[in-house]
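Trainee: Output the structure for:
(one chain, ligands or ions: 1)
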Amino acid sequence: MNFRNTLSINSFVLALVALLLGSCVSHPAPESTSPKAAYAMPDKYAATTVEAVLNSGGNAVDAAVAASFVLAVTFPEAGNIGGGGFMLARMNGQNHFLDYREKAPLTASRDMYLDADGNVVEKSSLIGIRAAGVPGTVAGLWAAHQKFGSKSWASLLAPAISYAENGFEVHPKKAKVIPSTIEWFDGKVNFAEHFGSMADGGTFKQADLAAVLRRIAKQGPNDFYQGETSSLIIAQSARDKGLISANDLASYQVVWRKPLIANWRGYTVVTAPPPSSGGFAVIQLLKMKQLLGSEFEGLEPNSAQYIHLIAEMEKRVFADRAEYFGDPDFFDVPIKELVSDAYIQRRAKEVKVDSISTLEHAKPGLDSPSTTHFSIVDQWGNAVSNTYTLNWSYGSGVVVEGAGFILNNEMDDFSTKPGVANAYGVVGGVANEIQPSKRMLSSMSPTILLDGDDIRMVVGTPGGSTIFTSVFQSIINVIDNGMSATESVSASRFHHQLLPADLITTSVSIPLNSKATLELENRGYRVEPHGFEFGDLQLIESRPGATNTASDPRGIGVSGVIE
Ligand code: DON
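Mentor: Below you'll find the model as predicted:
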């Protein structure tokens, strides 16, 4: 149930006071050359919250936990407690990767989205409760806080509870897409009932969600996985003939994994391991570009030949992604080999400098997905790069009755049938087929670039299969092309993903210049706006004596440096 009212500033101030008073345990030890504390957040509510946490002596993980819960309220299309994600954290000079990705329910099966003739039932992995994986966000934020948090858990939930209870102002960009979202769900789920009034703008309150957050503040993840909230999820699942059971929730576990690490141009790239394909892709792209350095020499960024060379590189990355990537707990991903210098050298040599490599088949991109990323650095030089998601905007469209949050449609990230593309137009095979309790393959690529022990960049973005091609471009824009943080995220971007072999897609609102477009077309490419706008990059860039931040102009984010 949603109530419309004016925003109560008082309650928000009270929540922030609670946050400031949150018990301070020990702080991480200061590092040598620490950057200024900085953040790049997808909305102003998360930005205000992070500032308050960092200013009150909280560390980057404290800020990330508070911001994630706030975004679950103020950014309901992607911020979530009903989805999952990845947190890359650099704390006290060590790198940590937390996998809180959703898992397939225990009764999920390989062919669950196929009809009797073996064809994929349209939208069955995208809409409705059977599209939802077992959510990981609450367990993930708890695990991060247990390991690194210095402020009390309850104090970090206070801002989110306040925004849920007292409301937040619906940004016009959000209000605008609600009618088309309702149309997409086509009356099959209860989304419109709960979120339809966001279309009118104004203040949006979420009383049920506030109650859930209050319980999580008191009981931690027990409420969500084994308590009152879990009962509400199970009841919803039973009503909608879903698969998520008490067993699924009670057995959900996060995994601390070793991040992928690579040396590139004297920097250390720290990024996402499987079950994401994003980190391997960022590493392969950066290294292939470096190996092809002489071909790039003198090329203008985003000129036709520059784009062609990168499209050739991206083809090879997507070919590997389709073949080798799935949940490493179920499938042996040959990750060492795929990021080895010898392999990347071989792949770089395959790049055709003058013509388009021909690989068959064609799949379209689709519209309106949404994920969200934020980047945070604290005063001690710790950093968090966090991407989390419901998959598409507003996920499966199923709102847990009595709890007010939306369940993801992450199951679509599995390969529902070998060779059949998912909503992002990417295919997969055995490695990423559905199995009980398995994690679906992701492209999310929270990344940190280190210069020695110091933070050089913290970056990530939404965008489905365009995530890692955007993260890659944002890094080379800064490091290779000498752009500022703002120039890097504001530049036009392009994307190629193997299928269709001759298609290059471009940013919808910041297109390529017409000269490059024409030249690419003359070389046999089709150049088209991508099916949805490229991701909302959140970037922190830091050098001795200078810390810069930028939120992508494509979104409604806010970034800043804390003096
Ligand atoms: O994990 C993945 O790769 C996707 N589920 C992410 C979805 C996404 O980025 C949608 N945002 N635009």
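
Trainee: Every contact and neighbour count from this point should use C-alpha atoms.
Mentor: Will do.

Trainee: tell me which parts of the stretch 301-450 of the chain are close to the ligand?
Mentor: With Cα under 6 Å from any ligand atom as the criterion, the stretch 301-450 of the chain meets the ligand at residues 369-371, 391-392, 410, 413, 442-444.

Trainee: which residue sits closest to D327, ignoring its sequence neighbours?
Mentor: Setting aside the residues directly before and after it, D327 is nearest to P275 in space (Cα to Cα, 6 or more residues apart in numbering), at 4.6 Å.

Trainee: Quick check: beta-bridge partners of the closest residue to N55 other than its chain neighbours?
Mentor: Using Cα to Cα, 6+ apart and skipping residues adjacent in sequence, the residue nearest N55 is I562, 7.9 Å away. With DSSP bridges as the criterion, I562 is bridged to A37.

Trainee: Against the ligand, how distant is I562?
Mentor: I562 sits 28 Å away from the ligand, taking Cα to the nearest ligand atom, to the nearest Å as the criterion.

Trainee: Just list what the helix or strand K289 falls within packs against, helices and strands only.
Mentor: Counting by DSSP states H and E, the secondary-structure element that holds K289 is helix 278-291. With contacts defined as 3 or more Cα pairs under 8 Å, 6 or more residues apart in numbering; DSSP states H and E, helix 278-291 has these neighbours: strand 260-264, strand 267-271, helix 304-324, helix 335-338, helix 341-350, helix 467-479.

Trainee: buried stuff in the helix or strand just after the last one?
Mentor: Right, helix 467-479. Scanning forward in sequence from helix 467-479, with DSSP H and E defining helices and strands, the next element found is helix 485-490. Of the residues in helix 485-490, those with enough neighbours to count as buried (16 or more other Cα atoms under 10 Å) are 485-486, 488-490.

Trainee: Equivalent analysis for stretch 81-98, please.
Mentor: Within stretch 81-98, the residues that qualify as buried by neighbour count (16+ other Cα under 10 Å) are 81-93, 95-98.

Trainee: which non-adjacent residue is nearest A66?
Mentor: In space, not counting the residues next to it along the chain, A66 is nearest to L156; the distance is 4.7 Å by Cα to Cα, 6+ apart.

Trainee: Tell me the first helix or strand C-terminal of the helix or strand hosting the one you found.
Mentor: Remark: L156 resides in helix 153-166, with elements defined by DSSP H and E. Downstream of helix 153-166, the next assigned helix or strand under DSSP H and E is strand 168-169.

Trainee: Now do that next one: which elements does it pack against?
Mentor: With contacts defined as 3+ Cα pairs under 8 Å, 6+ apart, the secondary structure elements packing on strand 168-169 are strand 203-204.

Trainee: Report all helices and strands that the strand it packs on contacts.
Mentor: Taking 3+ Cα pairs under 8 Å, 6+ apart as the contact cut, strand 203-204 packs with strand 168-169.

Trainee: give me every residue that touches whatever residue of the stretch 151-300 of the chain ends up closest to the ligand.
Mentor: Of all residues in the stretch 151-300 of the chain, S276 sits closest to the ligand, with a separation of 7.2 Å (Cα to the nearest ligand atom). Contacts were defined as Cα atoms under 8 Å, 6 or more residues apart in numbering; by that measure S276 touches 326, 441-445.

Trainee: same thing but 10 Å
Mentor: S276 makes contact with 85-86, 99, 101, 321, 325-328, 439-446, according to Cα atoms under 10 Å, 6 or more residues apart in numbering.

Trainee: Sort out for me which of these are in helices.
Mentor: If you go by DSSP state H, these have R321 in helices.

Trainee: didn't R554 look like it was pressed against L537?
Mentor: Yes. Between R554 and L537 a contact is recorded at 8.6 Å, counting by Cα atoms under 10 Å.

Trainee: who's more crowded, the two?
Mentor: L537 (32 against 17; other Cα atoms under 10 Å).

Trainee: what number of residues lie near the residue lying closest to that one once chain neighbours are set aside?
Mentor: Of all residues not flanking L537 in the chain, T461 sits nearest, at 4.5 Å (Cα to Cα, 6+ apart). Other residues near T461 come to 33 when the count uses other Cα under 10 Å.

Trainee: is it true that T461 touches R554?
Mentor: No. Applying Cα under 10 Å, one finds T461 not in contact with R554, separated by 11.4 Å.

Trainee: Now do the shared contacts for these two.
Mentor: With contacts defined as Cα under 10 Å, 6+ apart, the residues shared by T461 and R554 are 534-537.

Trainee: hmm, which of these are the buried ones?
Mentor: Among the shared contacts of T461 and R554, those classed as buried by neighbour count (16+ other Cα under 10 Å) are 534-537.

Trainee: For T549, which three-state class applies?
Mentor: Each residue gets one of three states, and T549 gets strand by DSSP: H, G, I helix; E, B strand; the rest coil.

Trainee: What's the local residue count around it?
Mentor: Other residues close to T549 by other Cα under 10 Å number 26.

Trainee: now do D200
Mentor: 14.

Trainee: In contact with it, which residues?
Mentor: For D200, the residues meeting the contact criterion (Cα under 10 Å, 6+ apart) are 170, 172, 174-176, 178.

Trainee: if we go to 6 Å?
Mentor: By Cα atoms under 6 Å, 6 or more residues apart in numbering, no residues touch D200.

Trainee: Look up how far K44 lies from it.
Mentor: D200 sits 20 Å away from K44 when distances are taken as Cα to Cα, to the nearest Å.

Trainee: same thing with N513?
Mentor: N513 sits 31 Å away from K44, going by Cα to Cα.

Trainee: Compare the two (neighbour count), which wins?
Mentor: Taking other Cα under 10 Å, N513 and K44 do not tie; K44 has more neighbours (16 against 12).

Trainee: Could you pull up the residues touching A89?
Mentor: Under the criterion of Cα under 6 Å, 6+ apart, the contact list for A89 reads 95-96, 383-384.
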